[in-house]
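>>> what's the 3D shape of this:
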Amino acid sequence: MTPRQLLDAQVDLYQRAQSLDWARMLMGPFDPNPDILTTMHKQLGYMARHARVYRVSEEMSRLIQHAASQLDDDDVWDPELAPSECGLVFFERSLPATAPDGIRQVHWATWGPMGGLPMPGLGGASDWAPMQVAWFFNDTNEPDEPTVRDLPNWTAFHRQFVGRWGPAALGHRHRGQALGPRDMASDKDGFVSTNDMRYLHAFFLLLTQRVTDVQPQQMPPAARKALQRKAPIPGKVSVVQLRRSESTRQPGESAVEWTRRWVVNGHWRWQAHGERRKQRRRIWITPYVKGPADKPLVVTDKVYDIKK
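Prediction:
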């Protein structure tokens, strides 16, 4: 999608988010009480208005999916990792997710802060601590993938009213709250669904890694002002992709005379930092080929290539 198309989508999301009925339809599967519905409606409008937009390349989307699967369940949520207070991200390669009514792909996610709100009905903590909330959307405009438009109860009214923003998931985390497993069971009916917050956490983490390249996109001032007359959005778009590999040799690689070459898959590592190196932070170890150049290459696992 072009920067203009991305911002057109943001304007559409903002305009639809002004309707409480639209928010009610999105939150239908979560069965919220009126107070939660009203609060979430206001917050979604705030997020859509203030979001900076990110387009994630196909290669980067693949890496996010893989990196999310490598996180520990007890990794903790840190809202300061987010690149902006509010964001709207489009994944060029959709991320798989399982919902109560079937498998659907995640094409969009939007996040933002929220003041204290008791949300026991949404599978989370019930206290009033501030949190980050994220909506995940299944784009009904995608012609080649299963979407919510294929559900038996999806009518022409739904298509017109909801637009491209098919509800996929709603998640939230408090600062310091455990990320949780890849699949989570509902407290109400025991149905197992994808923990989409892991995708967002992996995205935030990878933005801090050298493997990632973030390029702000420029739009003609007249085009940006025309969009801002429709909705008071920031009008800022960044493309997130994998940085070109500069070296296949990793720091500290052993000088042992190996008899073969092999691929080390991408993975997370805890790195010591801070005063007396007592703190720990996540770093991403990119895929690389290990072993001498004159030895045969043995490949046993799928490798997530970085962008060339």
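
>>> Under the pLDDT cut-off, which ranges of the stretch 51-200 of the chain? List them.
Residue ranges of the stretch 51-200 of the chain with pLDDT under 70: 99-103, 115-129, 143-158, 186-190.

>>> any idea where the strands of it begin and end?
For the stretch 51-200 of the chain, the strands defined by DSSP state E, counting those that start in this stretch occupy 52-56, 87-99, 102-114, 131-139, 165-174, 183-185, 192-194.

>>> closest to Ile285 out of the ones you listed?
Across the strands of the stretch 51-200 of the chain, Ile285 has its closest neighbour in strand 52-56 (20.2 Å, Cβ to Cβ). For glycine as for every other residue, the C-beta is placed from the backbone atoms N, C-alpha and C.

>>> Which residues does the closest one contact?
Strand 52-56 is contacted from outside by 1, 3, 6-7, 10, 64, 83-84, 86-92, 203, 234, 236-241, using Cβ atoms under 8 Å, 6 or more residues apart in numbering.

>>> Likewise for stretch 7-24?
Here stretch 7-24 makes contact (Cβ under 8 Å, 6+ apart) with 1, 37-38, 40-41, 44-45, 48-49, 51, 53, 88, 90, 108, 110, 161-165, 219, 224, 227, 230-231, 233, 235, 237.

>>> Which among those count as buried?
37, 40-41, 44-45, 48-49, 51, 53, 88, 90, 108, 110, 162-165, 219, 224, 227, 231, 233, 235, 237 (16 or more other Cβ atoms under 10 Å).

>>> Which of those fall within helices?
Counting by DSSP state H, these place Leu37, Met40, His41, Leu44, Gly45, Ala48, Arg49, Val162, Arg224, Leu227 in helices.

>>> What's the local residue count around the residue lying closest to the fifth one once chain neighbours are set aside?
Closest residue to Gly45 apart from its sequence neighbours, by Cβ to Cβ, 6 or more residues apart in numbering: Ala17 at 4.2 Å. Close neighbours of Ala17, defined as other Cβ atoms under 10 Å, add up to 24.

>>> Thank you, goodbye.
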